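1. everything below, folded, please.
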Amino acid sequence: MDPNEQPSWAGGDAPDKEKMEQIRARRLAKLGTSTPVSAKSDENKAPDSESSNPSRTSTPKPHPHPQPASAESRPKINVTSAAPPASSSPNPFDKLGVKAEPSSSTADRPSPKPSTTQPESDESYADRTLSQIFRITVDPHNMVNSSGQRLTFLPNLNEELNESGEPLKLSVNTLDQALMEAASSYPHDKPLMNYFLPCWKRAVKASLQFKGTEGPKFEVHEEAKRLCMSGCLFALTMPDLYGRSPNPKHDTLMPYLLKGVQDENGLCFNFIQEAIKRFDDDEAFPALFNDAMVQISSKLGTISMDQDYKPYIQAMLTYTRFPPLIVNLAKHPTFTMAQSAAGIEKHTLLGPFFRISPLQNEVIKSYFPGARGLDKGRIANSQDALRMVLRTHQDDLFAITNAFIRAGQETRSRTLDWFAYIMNSNHKRRALQVDPREVASNGFMINVTTILDRFCEPFMDMDFSKVNKIDDNYFRKQPRINISDETKLNADQSYADSFYANKIPGETNFISEAFFLTLAAHHYGSEACNSQLKNLDRDIKYLEKRVKIMEADRIKFVNNPVQLQQYDKAVQRHVDALEKSIAVKLSIEGVLLDERMQSTSLRFMRIVAVWLLRLVTRSEYKPGQESKEIQLPLPAEKSDVFSCLPEYTLQNIVDNFKFIFRWLPKILPSAVGDEMIALCVTFLRSTEYIKNPYLKSSLVSLLFSATWPLMHLKRGVLGDQLVGSKFANDHLLKGLMKFYIECESTGADSAFYDKFNIRYEIFQVIKCVWVNDHYKRQLTRESRVNKQFFVQFVNMLLNDATYVLDEALTKFPKIRAIEKELEDPSIPQEDRQKKEEEMQQLANQATSFMQLANETLEMMKLFTEAMSEAFTMPEIVSRLASMLNYNLETLAGKKAAAELSVSNRDKYHFRPIQIISDIVDIYLNLGNSPVFIDAVAADGRSYKPEVLERVSRILISKHQKDPADVARWDKLRVKFVDAKTLLDQAELDLGDIPAEFEDPIMGDLMKDPVLLPSKHIVDRSTIVQHLLSDPKDPFTRQAMTIDDAIPQTELKERIEQWREERVQAAKDKLKSDVMDTTEG
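-> The predicted model follows:
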């Protein structure tokens, strides 16, 4: 039978406390008097019909039978042992006035079975059945039942029956007194439930075997069950009724619940069903079940997953089959008792169940013993086993929690309160330095996150049809989640506080509650663990390095035993810490790499992404409707609902996907849709919607990760969509270029280096999509339509190329010098170690900068090939030419071979010949522009024709270019030489430049003079280049833009007139010299 199907009770009422007190009073009176049995009262009354003949609602009442003497008129019960005392006479029954019957010569002989020819009377059936169920007898000649079990003799009831002249048989009318005597004589060192519970099970079994539904025999079974249940409950709640003192170890259901419903000594479903029916009769009964589960929970809080925890889980699962038990549990004070963050998992009712995890310290050791020396195969097997066990446990946790959620509105509300309390108490889990004693454990929080994820599954459909049920104004109603101290997406604390102070009336639906609880759970739970992995990696590297040094230094103490012993202890402490850190890291990875858990998590993050996009676009967006529903850039006026959301709303999405891209990419193809492209492109195109620059850069990282080759996907999970999506085609490149400029300064101490990492990832995304010519056309359009924006972008590109190439190439001479020093075998060990550390640091820097340099040159090749005209604008061309000339001289100059010849160049991603070839490609891409040719020739610092000639020889000898490209390069070199000749001549022809015509910064003739706010006049190209890197007046350091520069038209005309006059004068002089030569 399904225990949830609770049939209505058709039997009589349970014996009330008043009657039980009367029975107890008679028994106590008997214990306190010496009145002989013969002095018994003669007042015999019929027993109360309500007690002896329970009323029924589903069956007719039986015919009246002759009633025995009332219990009130029976002799007082004398509590004795079922076995005769040692000092009794050979025939103990003589003292009770029992006459020996010839047919029963021995007490061990079983009672005779009813004759097959003569029907068994109702009285005999009752006696046999009750004797079989309760293992008791009032007939000293029938001490063994039909199944061969010995029965307990009830001497007091036997005495009463003899004196009243009634048959020595158990009956419905005497059963309550029989059970009182039997229970009172049960050994006090054993729980009384050990007697009543088996009786209940036998009563249920006998009742099921009896096919009737009415009549005296049916009455026997119903009364047996009723009084048996009463005995169980009274034994636990009123042990003094049976002459016992309260005993917490005995007066509890806990051990019987832990044995399980299948165990013969455990509580069965029928027992629980019947007990629940009594809840309205006495509040002590529901308290029995509450207290038992509180005890189970408390005990579970002291054990871990490597111990026998399953019985405790099964006990709670048993409760989940009965909604009334769940409802009562949720009302218990310990359900949401206020605790510290760390105390929640031990001292609230559900806490210990969620605490069980393979991330418990004791369990970690069993999965990863000697973690430092484990091979990959053993680690993988342990992690697989760990995930399998955890998955089973989480299935149980979900079943338990789901029962609370579905048990009723009040119970659901208290359950959500408990989850919210966990989130609100664990904000410190995202602190930079986390004290484990002040927060909940990783295992507990992972379980909470996983269960909440699963509660969101009903509204995580593929059509996103229920996203509109998420209440946008959740945090303005009565939110369970406290976000007051959380950083907001685009609002400061005071603004957010004032916004949320303006409350909106109304109730929040369950979908919204689950949604925002799960968002918080990911932030404080799984993503906090993800963040901890990074810290563990750092700690492990430090400890490994430290242990290695300490083990190497041990030789210094071998001659001093005392110091050596102390030193070995210190080494062992470091080794133990290292072992623990590695084991913790492996266990967290094992848990987080569960594919089912992460797949559910990704589905949830997709819902969050769609919800955010609907919020900022004010549309009914669904994946696939980007071009229709999303208009970029977003409106200048931002939604306060969005701006005041906690930052983790978006951060969770990015971090979760980045983790999966790195560790579980194989589950992504079926889990990522257009919404991720829409999310990244939207907020990169409208970066002003997000305040945190690192969060913006995370969007780039997500796109970058999505272009990594994966299985058969050469462009990664999203690469092909980025190439072919109209929405991406229209907005991606502009968004990437915009953030390329913005990331120049993030405001952090590491901002200077952060920008290079961000730009590296931007380059990778652009390279991925560059196969689509649409992006090339879009870049060209930007250079014409949005010239200032494009010039700023290219200027940043040139700055990066100049810096990273210079930084990388200047590291190699230093590395080369240290390599030579280390070749000397006589160098002291300590000095050698310092030199090696210095070289390692230089190598790391050179590698990073070289990778960035390679990517920057690759971008410049792509861009200059696609749109050469844009790179020859006056604001750009001179800097570009100077950068190319300088780096070509560094790589192909006279000193290059000696300074850059480091060993193992590939280790640093340093391929000088390839770099030379890439730079030559840029020259060739721009070589058709006279402006570019003049700019190269005008570079007085780095332009050297002999270097360019050496480059030709390198290209030919290293086979880096085909003959056609080499020929083009040689022709271009000649153009540079010719241009240099003309420029030199022009400079000679101009002679000294008047001071008012000379650029005070560059020292050359101005072409387009402008007046700065500082009242200084410079050439427009000069101030444009300056402002691209530093938006301040170069003379006063006051902020300015190019719009603040005032054109000096009159001065410009005078300069042009002066230049024309000087050029004409030079021409006239040249003609005069020719004529003089002819005449001579």
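2. now do stretch 650-666, average pLDDT.
-> Computed over stretch 650-666, the mean pLDDT rounds to 92.
3. ok, for Leu233, nearest residue in space, not its chain neighbours?
-> Spatial nearest neighbour of Leu233, excluding adjacent residues (CB to CB, 6 or more residues apart in numbering): Phe285 at 5.7 Å. From N, CA and C alone the C-beta is placed, and that goes for glycine too.
4. part of a strand, is the one you found?
-> No: going by DSSP: H, G, I helix; E, B strand; the rest coil, the assignment for Phe285 is helix, not a strand.
5. run a quick neighbour tally on it.
-> Using other CB atoms under 10 Å, the number of residues around Phe285 comes to 22.
6. not counting its neighbours along the chain, what's nearest Lys755?
-> Distances taken as CB to CB, 6+ apart place Cys743 nearest to Lys755, at 4.6 Å, with adjacent residues excluded.
7. check contacts around Cys232.
-> The contact partners of Cys232, by CB atoms under 8 Å, 6 or more residues apart in numbering, come to Met193, Phe196, Leu197, Trp200, Phe271, Ala275.
8. can you give me the distance of it to Lys225?
-> Plainly put, Cys232 is 11 Å away from Lys225 if you go by CB to CB, to the nearest Å.
9. hmm, back to that, how near is the residue nearest to Lys755 to Gln829?
-> Distance from Cys743 to Gln829, by CB to CB: 44 Å.
10. when those two are compared, which one has more neighbours?
-> Using other CB under 10 Å as the criterion, Cys743 and Gln829 rank with Cys743 on top: 23 against 8.
11. what sits against the more buried one?
-> Applying CB under 8 Å, 6+ apart, we find Cys743 in contact with Pro693, Lys696, Ser697, Asp754, Lys755, Ile758, Arg759.
12. what comes up buried for the lengthiest helix in the chain?
-> In the chain, taking DSSP state H as the definition, the longest helix is helix 829-866. Buried positions in helix 829-866, judged by neighbour count with 16 or more other CB atoms under 10 Å: 835, 839, 842-843, 845-864, 866.
13. by contact count, what packs against it?
-> Applying 3 or more CB pairs under 8 Å, 6 or more residues apart in numbering; DSSP states H and E, one finds that helix 829-866 contacts helix 751-769, helix 773-785, helix 787-822, helix 912-926.
14. next helix or strand past the helix or strand of the chain with the lowest mean pLDDT?
-> Taking mean pLDDT, DSSP states H and E as the measure, the chain has helix 49-52 as its least confident helix or strand, at a mean of 34. Downstream of helix 49-52, the first helix or strand assigned by DSSP states H and E is helix 122-134.
15. next structured bit after that next one?
-> Of the helices and strands lying after helix 122-134 in sequence (DSSP H and E), the nearest is strand 136-137.
16. mean confidence for that next one?
-> For strand 136-137, the mean pLDDT works out to 94.
17. cool, and stretch 1015-1024?
-> Stretch 1015-1024 shows a mean pLDDT of 88 in the predicted model.
18. chain center to it: distance?
-> Computed by CA atoms, centre = their mean, to the nearest Å, the separation of stretch 1015-1024 from the middle of its chain amounts to 55 Å.
19. buried residues in that stretch?
-> Here stretch 1015-1024 shows Ile1017, Val1018, Asp1019, Arg1020, Ser1021, Thr1022, Ile1023, Val1024 as buried, counting by 16+ other CB under 10 Å.
20. run through this protein and note the low-pLDDT ranges.
-> Applying pLDDT under 70 to the chain flags residues 1-117, 746-751, 987-989, 1066-1080.
21. and the residue nearest to Leu233, what does it touch?
-> Applying CB under 8 Å, 6+ apart, we find Phe285 in contact with Leu233, Thr237, Ala275, Arg278, Phe279.
22. re the thing from before, any residues in contact with both of Cys232 and Lys225?
-> Trp200.
23. circling back to that earlier point, now find how far off-centre the longest helix of the chain is within its chain.
-> 36 Å.
24. repeat for stretch 869-885
-> 49 Å.
25. likewise stretch 646-665?
-> 10 Å.
26. pull out the buried residues from that stretch.
-> With burial defined by 16+ other CB under 10 Å, the residues of stretch 646-665 counted as buried are 646-661, 664-665.
27. narrow these to those in strands?
-> Among the buried residues of stretch 646-665, no member is found in strands (DSSP state E).
28. ok, Ser171 touching Asp127?
-> Yes: between Ser171 and Asp127 a contact is recorded at 7.0 Å, counting by CB atoms under 8 Å.
29. what is in contact with the two at once?
-> Overlap of the contact sets of Ser171 and Asp127 (by CB under 8 Å, 6+ apart) is empty.
30. distance to Val204 added to the contacts of Cys743, as TSV?
-> Shown next, in TSV, are these (distance: CB to CB, whole Å):
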residue	distance to Val204
Pro693	70
Lys696	67
Ser697	67
Asp754	72
Lys755	76
Ile758	71
Arg759	76
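31. relative to Glu579, which of those residues is nearest.
-> Distance to Glu579 across the contacts of Cys743 (CB to CB) is lowest for Asp754, with 34.0 Å.
32. count of residues packed around the closest one?
-> Other residues near Asp754 number 17, with proximity taken as other CB under 10 Å.
33. now the residue nearest the centre of the chain: closest residue in space, sequence neighbours ignored.
-> Geometric centre of the chain, nearest residue: Ser526, 1.7 Å, by CA atoms, centre = their mean. Nearest residue to Ser526 in three dimensions, chain neighbours excluded: Thr449, at 4.7 Å (CB to CB, 6+ apart).
34. the one you found: what's it in contact with?
-> If you count contacts by CB under 8 Å, 6+ apart, Thr449 has them with Thr518, Ala521, His522, Gly525, Ser526, Ser601.
35. roughly how far apart are it and Ala399?
-> 17 Å.
36. confirm for me that Met859 is in contact with Ile766.
-> Yes: if you go by CB under 8 Å, Met859 and Ile766 touch, sitting 6.7 Å apart.
37. what count of nearby residues applies to Lys811?
-> Neighbour count for Lys811, taken as other CB under 10 Å: 23.
38. next one: Leu733
-> Using other CB under 10 Å, Leu733 has 22 other residues around it.
39. list the contacts of it.
-> Residues near Leu733 by CB under 8 Å, 6+ apart: Ile766, Val769, Tyr775, Gln778, Leu779, Glu782.
40. let's see that with 7 Å instead.
-> Residues near Leu733 by CB atoms under 7 Å, 6 or more residues apart in numbering: Tyr775, Gln778, Leu779.
41. host element of it?
-> Here Leu733 is assigned to helix 726-742, by DSSP H and E.
42. so what's Val138 up against?
-> Taking CB under 7 Å, 6+ apart, we find Val138 in contact with Leu154, Leu157, Asn158, Leu161, Leu168, Lys169, Leu170.
43. what's the most distant pair in those?
-> Across these, no pair lies farther apart than Leu154 and Lys169, at 11.8 Å, counting by CB to CB.
44. which of those two has more neighbours?
-> In terms of neighbours (other CB under 10 Å), Leu154 is the more surrounded of Leu154 and Lys169; the figures are 28 against 21.
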